[in-house]
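K.L.:
Pasting the sequence and the predicted model now:
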Amino acid sequence: MNCFVWNVRGLNKPLKQHAAYNRIKDNRARVVCLIETILKHNKMRAILEKWFNGWKSFHNYVEADNGRIWVLWKDYLQLSLVCTTDQSITVSFSADNYLLFLTAIYGRNTGSERKRLWKHLQGLHKLVADHSWILVGDFNVIASYFESSDFRVPLT
């Protein structure tokens, strides 16, 4: 099964929508996680009907303004919603008697806000501990300051 994850940094512009659709189509994705959609809920339906007709979806508009995360999948797959938060959507699906969990993440920008995400993931771990669990997305965390686009070489 092909899973495609992309931090789209906004889906408001038709050219961005077209680019996302083409990349998903080219990669023959069956499950798609779009992160940082920055799109009002009332615009979601039109975009899904235009570009993803026949796909099913979960989103986190109830928990987060501008629907930070969308999980889309081909309608012949059976995905079940486990839970949504302002920073994640977790789904489960089975294939050939094998249960798999997928969590799409878009972490908040501040460490204090991300603490809620870490606590939530710890709780989910108890649920999925005996199964495969894939975590994807943008955690908004770096291991080293060299990974940041804002990194500046200190002057000596």
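P.N.:
Sure, I can see it.
K.L.:
make it CA atoms for all contacts and neighbour counts henceforth
P.N.:
OK.
K.L.:
Assign a three-state SS to Trp118, would you?
P.N.:
The three-state assignment at Trp118 reads helix, by DSSP: H, G, I helix; E, B strand; the rest coil.
K.L.:
show me the contacts for it.
P.N.:
With contact set as Cα atoms under 8 Å, 6 or more residues apart in numbering, Trp118 has no partners.
K.L.:
before we move on, what about Leu72?
P.N.:
Contacts of Leu72 by Cα under 8 Å, 6+ apart are Val31, Val32, Cys33, Trp55, Lys56, Ser57, Phe58.
K.L.:
With distance to Val91 and pLDDT added, can I get the residues you listed in JSON lines?
P.N.:
Listed next are those as JSON lines, based on distance: Cα to Cα, whole Å; pLDDT from 0 to 100:
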{"residue": "Val31", "distance to Val91": "11", "pLDDT": "96"}
{"residue": "Val32", "distance to Val91": "12", "pLDDT": "97"}
{"residue": "Cys33", "distance to Val91": "11", "pLDDT": "98"}
{"residue": "Trp55", "distance to Val91": "15", "pLDDT": "96"}
{"residue": "Lys56", "distance to Val91": "13", "pLDDT": "96"}
{"residue": "Ser57", "distance to Val91": "11", "pLDDT": "96"}
{"residue": "Phe58", "distance to Val91": "9", "pLDDT": "97"}
